[in-house]
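[1] Here is my input, please return the structure:
(chains A and B)
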Amino acid sequence: MTNELWLSESEYKLLKSLAGRIRAGVKYSVEDLARLAGIDRSSVEAIIRLLSSKDIVVVEDYEETTYRVSSEAEKYVSGFFPEEKLVKLLGEFGRRASVEVLKEVLGAELNIALSNALRKRWVKVSEGVVELLVDPSRAIAEERKYIEALKRGEKLSEDALRLLRRRKLVERVKKRLTWVTFRVDPSVIIEKAVVEIGALTRDMLVSGEWRRFKLREYDITAEPPRLRLGRLNFFLEFIEHIRDVMKELGFVEVEAPPIELEFWNYDVLFQPQYHPARRPTDTFYLENPKEGLLQGELVLRVKSVHEDGAGISAGWNYKWDQRIAARLILRSHTTAVSARVLAQKPKPPFRFFTIGRVYRVEKVDAKHLPEFHQVDGIASEEGVDVRWLIGFLSEFLERLGFKEYKFRPAYFPFTEPSIEGYVKVKDVWMEVLGAGLFRPEVLHPMGIDYPVAAWGMGIERLAMALYELTDIRMLYSDDTKIVEYMPVRWWLYAGLTL
Amino acid sequence: MPVLRFKPGRVEEVIGLPLNRALELVEKLKIEAEVREDGYVEFEIEVDRPDMYSLEGIARQARGLLGEETGSPRYEIIKTDYVIEVGEVPSRPYIAGAVVWDVDVDEDFLEELIQFQEKLNGSIGGERVRVAIGLHDLDKVPSSKLTYDLEDIDKVVFVPLGGTREMSLREVLQETEQGKKYGRISLHGNRHPVIRAGGKVISVPPVINAELTRIEPGTRSLFIDVTGTELKPVIDVLSILAANLAERSRSKRIGLVTVRAPWGSLEEPRLEPTRMTIKVGDIQRVLGLELNDQDIAHYLERMRFSARPLGDGRIEVIVPRYRIDILHPVDIAEEVLLSIGLENIAPRRPKLMLRGRLLHIRYWEREARKILAGLGFVEVATYTLVPCDYATLAGIDEGSVVKIANPIGVESGCVRMSLMPGLLRLASLNQHNVPLRIFEVGEVYLVSDSSTQDVPVIARKRLGILVMGGKAGYEDIQAVVYTLIRMLGDEILVVEKYSHPILIKGRTALVKTKKGCTIVLGEVKPETLEELDMEYPVAIAEIDYTGLIEDHKVMPRP
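    Numbering: from 1, shown residues only, chains lettered A, B, ... in the order given. The predicted model follows:
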């Protein structure tokens, strides 16, 4: 061979396993080859076609017609053909009988029996009476002979086959036969051929066999398989990012469990007990445990500031109920944590933050969850005022990567003045944070006489906007594939292009 | 936040500006304005400003900002012979009334009036529990002599508003929509509060008025009744109603109504303003702006306060009666801020440098998470509101589980007591993604029997890990836990046999580490897997790492 002969790995494998077992110039069926090579028939067939296109083998296809005895014929052969039954019956009836009588015995088979017996001139019919013309003991159907011959594997004449086929006693079966002749001995071919392989293996390297092989060129544009991977959760990583931003801004992290006394969630924050948010339609109340322990001087001071303003404010003018304040709830905002920190009268300057879950009575839909995360911060230092607050919030939003933001006046029961912060995400303004200076009615009962700035931000809605999710439930997806394959938006953490 | 809807034409008419300018202006009043698809204008108004729950109230403020009318508004308040004689009404003791003349109701205004009343009832009124309003056509009120008393619900007969036939009060409470909704609020045994004028029923507060005094297009003047469980909010609401309706009145005339009750007598709405003396220095300190007393007085006049500098660094501010949100001088400071406009204030960035710090435990969590990700685990986030029957899967007695009184559904009736049930649930939902390796970091909560804790609940910090696959056994989870603990610089100290309701006996361990982690790990029982419709074996671990921080509590409770 002057030209190099190329073999694929599978061709090589087949030839190798046939080498020494077959001879060139001899016809083998595919079945024979499959058996000799120990490879399944359909694989061998496919490889043989490839070898044929490379002119290594000659393939001849034949179609062979054979006949299979039908189940009806089997039944007749082991018993009687219908015409045989008829003749036998007529013999018993004294060689003649009316069609009606015969029908009663033979039923539906009578028609077949009559037509065949008439064709064979065994009987004649006149005026509804069938008369036997032959000796019953000699009336044996010739079909019986043909079928028995067929079953023995003998060839039948065309006439016999036509007869059997007309009576549907045999079925024609077509069978394809492939004969393969090797032009050259397989062992000679594999000596000369260069084998193309897919994967390089350790064995090839160790044996040096790799030299015989040519590494096949791949379709390098084909999509590779998707890999399984271990991942940190994209949403929780976004929360970690906010933690880092807070730390960078000089805030110290604190935390408290979300199961809280109404006192810290509402009363300390000067939210009157009749406030609409303090109802089961808005706040989650606990059945077990129902209430907590509320004592100390702060409780009395909070009562006083609600009822009559404690000499510094007009107050809310209603009867404050300690039992309501002692009820347990799931906190509705992380400002409850800030309130607990403040009650310890930290010395300015200070900056504290907390990130935690908060709970509101909401039906679950694409935009609402009954639980979500908030980040809450408090700060006090020389010169904390409205200008400082919007200065600080600007710094915070810019460090989160927002280029466009604005502030608007707002209302919260525990801060005055109060403001809301908006950021522009993909050309849409969205409200992201609430802030303000704590009211004197909050600070005075704690004995705090310095100004304290406070702000809070919901995290889920922001994460949704930045990850361009349309359904908040995607952040807590039941489908682990979503978490596994969510592309990370690292540029958010770099503070780029929001 | 209350949302009010108005026709754009009405907004232009009452505020006196083209629509887009009017919407811009109201933003300065903390109102979020939007034109809806149905053509209506929607105003979202902060809950502290019920005096702006009607267009006239908003326009009063807008005219101040435009400089058209400044200082506190004046209304003509005159005596009338309207008297309400009050009996013992323990379920709803307080009542006050007012007359406002020349309001001239038309179809648009009627719609706004109903909205005004509903928003007041719903917010400050506490869904009519604290305060409820009745509005009547003054000319249809049969007499100026009114009574307010508890009456037997079977003996009171009248046609309720919108009704076509006489009904007993019992029928009204039981059969009408309003009766079913509000009928129990002030019911006192078999008796209910009733207002009569000249012996005829005009209202059964807080449920419904009588058809007799129905307001309709063409009604000229109004009679207002306000009832409630506390006197102050009753007078607050009455004052807001009277002042805002007088804004619409041609004559701006308000009539006083005398109330004689067991708890005392009064004549309202006098709209008596409060006087507040504020310090220039306080305003400067809150806003961070250099303002003098003249500036501050000017800004306040535009917000419809009357303000007079006293010359000694103090300013006397007259606060109109309807401004029930002004409790403290800091509220006046905010008014100055609104008057100046937040957008006109230059931010000042903090200059002080402070050292930020995360909770120490965050660093353990971050490293643990990274190691698990490296071991091929996906971090999941699940809810902390869980079905109460998770307790069974967690092997925790139901009495120790934090239970919610008003859950939104059975799927979220309790607070998470263990991470295992949630991870198992996720595994059962992700059998198409086998082998599955997941973990979650989160707190769990259990009821404490301590009587000294202010919140009788124990919080535990947990890390749950789950492996599911064609073959996932004890060794598979054990190897992960041991590797994790060792890579975190900790040591496996004790390994004991352990029993857990969902883990296979003899394949469950309790592990303690040198630094204070307690770990339960094991292979999940086939019974449990079958119950959860799971076809793959699961091995699971829950690490309690609360012990790592117990020695140095980060934030002691007050």
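[2] Run through the neighbouring helices and strands of the lengthiest helix in chain B.
    Using DSSP state H to define each element, chain B has its longest helix at helix B:231-248. Applying 3 or more CB pairs under 8 Å, 6 or more residues apart in numbering or on different chains; DSSP states H and E, we find helix B:231-248 packed against helix B:55-65, strand B:94-100, helix B:107-122, strand B:131-137, strand B:222-228, strand B:253-261, strand B:264-268. No exception for glycine: its C-beta is placed from N, CA and C like everyone else's.
[3] nearest to chain A, of these?
    Closest approach to chain A among those (CB to the nearest CB): helix B:107-122, 7.8 Å.
[4] Can you give the distance from that closest one to the centre of its chain?
    When C-alpha coordinates are averaged (CA atoms, centre = their mean, to the nearest Å), helix B:107-122 and its chain have centres 21 Å apart.
[5] That helix to strand B:131-137, inter-axis angle?
    With axes from the mean of the first three to the mean of the last three CA atoms, to 10 degrees defining the directions, helix B:107-122 sits at 160 degrees from strand B:131-137.
[6] Need the mean per-residue confidence for helix B:107-122.
    Averaged over helix B:107-122, pLDDT sits at 93.
[7] same thing with stretch B:425-439?
    96.
[8] any idea how far residue A:129 is from the residue sitting furthest away from the middle of chain A?
    Most distant from the centre of chain A: residue A:94, at 80.1 Å, with distances by CA atoms, centre = their mean. Going from residue A:94 to residue A:129 by CB to CB, to the nearest Å gives 12 Å.
[9] cool, and residue A:154?
    Counting by CB to CB - residue A:154 and residue A:129 are separated by 41 Å.
[10] and what of residue B:480?
    95 Å.
[11] Which one's more surrounded, the two?
    residue B:480 (23 against 14; other CB atoms under 10 Å in any protein chain shown).
[12] touching chain A at all, whatever helix or strand the more buried one lives in?
    Assigned by DSSP states H and E, residue B:480 belongs to helix B:474-487. No - judged by CB under 8 Å from any CB of the partner chain, helix B:474-487 stays clear of chain A, getting no closer than 11.1 Å.
[13] From the chain's centroid, how far away is that helix?
    Distance, centroid of helix B:474-487 to centroid of chain: 47 Å (CA atoms, centre = their mean).
[14] May I have the phi/psi pair for residue B:16?
    phi 80, psi 30 (degrees, to the nearest 10).
[15] dump the residue contacts of it.
    B:59, B:62-63, B:68 (CB atoms under 8 Å, 6 or more residues apart in numbering or on different chains).
[16] same check, this time on residue B:213
    Contacts for residue B:213 (CB under 8 Å, 6+ apart) come out as B:136-137, B:140-141, B:197, B:202-203, B:223.
[17] returning to what we had before: of all the helices and strands packed on helix B:231-248, which lies closest to residue A:286?
    Closest approach to residue A:286 among these is made by helix B:107-122 (26.5 Å; CB to CB).
[18] Can you show me the CA trace of the closest one as CSV?
    Provided in CSV are the C-alpha atoms of helix B:107-122 (Å, rounded to 0.1, in the frame of the first residue of the first chain):
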residue,chain,number,x,y,z
GLU,B,107,-70.9,63.4,42.4
ASP,B,108,-67.1,63.7,42.4
PHE,B,109,-66.9,65.1,45.9
LEU,B,110,-69.3,62.4,47.2
GLU,B,111,-66.8,59.8,46.0
GLU,B,112,-63.9,61.7,47.6
LEU,B,113,-65.8,62.1,50.8
ILE,B,114,-66.5,58.4,51.2
GLN,B,115,-62.8,57.7,50.5
PHE,B,116,-61.8,60.3,53.1
GLN,B,117,-64.0,58.8,55.7
GLU,B,118,-62.9,55.2,54.9
LYS,B,119,-59.2,56.1,55.0
LEU,B,120,-59.6,57.8,58.4
ASN,B,121,-61.7,54.9,59.7
GLY,B,122,-59.1,52.4,58.4
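[19] For it, name the packing helices and strands.
    Using 3+ CB pairs under 8 Å, 6+ apart: helix B:107-122 touches strand B:3-6, strand B:131-137, helix B:231-248.
[20] Give me the residue ranges of the chain where confidence is low.
    In the absence of a named chain, chain A is used. Applying pLDDT under 70 to chain A flags the ranges A:1-3, A:497-498.
[21] not quite, I wanted chain B
    For chain B (pLDDT under 70), the answer is B:551-558.
[22] how's it carved up into domains?
    B:3-65, B:76-268, B:274-342, B:361-548 (automatic domain parsing).
[23] now the ones you listed as a markdown table including distance to residue A:341?
    Formatted as a markdown table, these follow (distance: least, CB to CB, whole Å):
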| stretch | distance to residue A:341 |
| --- | --- |
| domain B:3-65 | 26 |
| domain B:76-268 | 31 |
| domain B:274-342 | 21 |
| domain B:361-548 | 15 |
